[in-house]
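Colleague: generate a structure from the sequence data that follows.
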Amino acid sequence: MRKLLFISAISLLSCNRNTQTAHPPVGGVLSQKDLDVSRNRMKNLNTIERNQIQEWINGQSVRYYPTRLNYWVTVEGFDQREKRADNSLISYSYDLYDFDETKIYDQPIERRNAKFGHFDELKAVENALRFIRDGEEVTLLVPSSLAYGTFGDEKKIDNDIPLIIKLKAL
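Modeller: Numbers count the residues shown, from 1 in each chain. Next up is the predicted model:
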């Protein structure tokens with residue numbers, strides 16, 4: 001009788017568990033449907049941001065040129081220049097602004113003697129550093145997908161925020 005009661009209790013508990021929604025753990029695997037929803041969301045967001053950035057550009061006196069990586073820069077033919085080699089060193093700094101042209105951080109983000117292929121940087125910044133010349137300053141207009149994306153920087157930059165980045169090779 002005890003065995004029957006024990007088995008019934010276990011069965012009842014296991015049936016109750018199946019009604020809960022399963023969530024993947026942090027860093028867990030998502031289903032193909034979840035991945036498709038995420039991909040479509042980012043694609044739509046990128047289209048909206050590109051249109052908003054283009055409208056902003058139309059109101060500026062400075063010319064901006066699109067790059068192959070999906071950001072704009074103040075130098076024509078910028079990403080057609082010769083690329084810096086992997087493992088070469090570069091020192092640089094940059095300031096971040098929102099599209100109201102409000103500076104986000106008081107101090108610039110600065111790196112000294114960073115080695116290509118061995119530093120973790122915003123995608124657009126890392127790409128631009130491949131083409132920037134020593135001492136040159138450029139302004140990048142960056143959609144959120146190439147900036148801090150869906151999570152923001154968990155400090156002052158919220159999720160899905162496009163940025164203006166003023167980059168200087170030192």
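Colleague: which parts of this protein are strands?
Modeller: 65-66, 72-73, 89-97, 109-115, 137-142, 163-169 (DSSP state E).
Colleague: tell me which of those strands sits nearest to Leu30.
Modeller: Leu30 lies closest, by CB to CB, to one member of the strands of the chain: strand 137-142, at 25.9 Å. For the C-beta atoms, the positions are set from N, CA and C on the backbone; glycine is no exception.
Colleague: in the sheet, which strands lie alongside the closest one, parallel or antiparallel?
Modeller: Strand 137-142 pairs in its sheet with strand 72-73 (antiparallel), strand 163-169 (antiparallel), by DSSP bridges.
Colleague: could you dump the ones you listed to CSV with mean neighbour count?
Modeller: Converted to CSV, the strands paired with strand 137-142 look like this (neighbours: other CB atoms under 10 Å):
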stretch, mean neighbour count
strand 72-73, 24
strand 163-169, 20
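Colleague: okay, the ones you listed in a markdown table with distance to Ser144 and mean pLDDT next?
Modeller: Compiled in a markdown table, these are given as follows (distance: least, CB to CB, whole Å; pLDDT from 0 to 100):
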| stretch | distance to Ser144 | mean pLDDT |
| --- | --- | --- |
| strand 72-73 | 14 | 98 |
| strand 163-169 | 8 | 98 |
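Colleague: buried ones in stretch 74-93?
Modeller: 74-75, 78-79, 84, 90, 92-93 (16 or more other CB atoms under 10 Å).
Colleague: which one, of the strands paired with strand 137-142, ends up nearest to Glu55?
Modeller: Glu55 lies closest, by CB to CB, to one member of these: strand 72-73, at 12.5 Å.
Colleague: contact partners of that closest one?
Modeller: For strand 72-73, contacts defined as CB atoms under 8 Å, 6 or more residues apart in numbering pick out 53, 57, 64-67, 79, 128, 138-141.
Colleague: and the closest residue in space to Ile104 that isn't next to it in sequence, how many neighbours?
Modeller: In this structure, Ile104 finds its nearest non-sequential neighbour in Leu96, 4.4 Å apart by CB to CB, 6 or more residues apart in numbering. Residues lying near Leu96 (other CB atoms under 10 Å) number 23.
Colleague: now do Ala147
Modeller: Neighbour tally, Ala147, other CB under 10 Å: 24.
Colleague: wait, what's in contact with the nearest residue to it once chain neighbours are set aside?
Modeller: Leaving aside its sequence neighbours, Ala147 sits nearest to Leu163 (CB to CB, 6+ apart; 4.6 Å). Contacts for Leu163 (CB under 8 Å, 6+ apart) come out as 96-98, 104, 140-142, 144, 147-148, 157.
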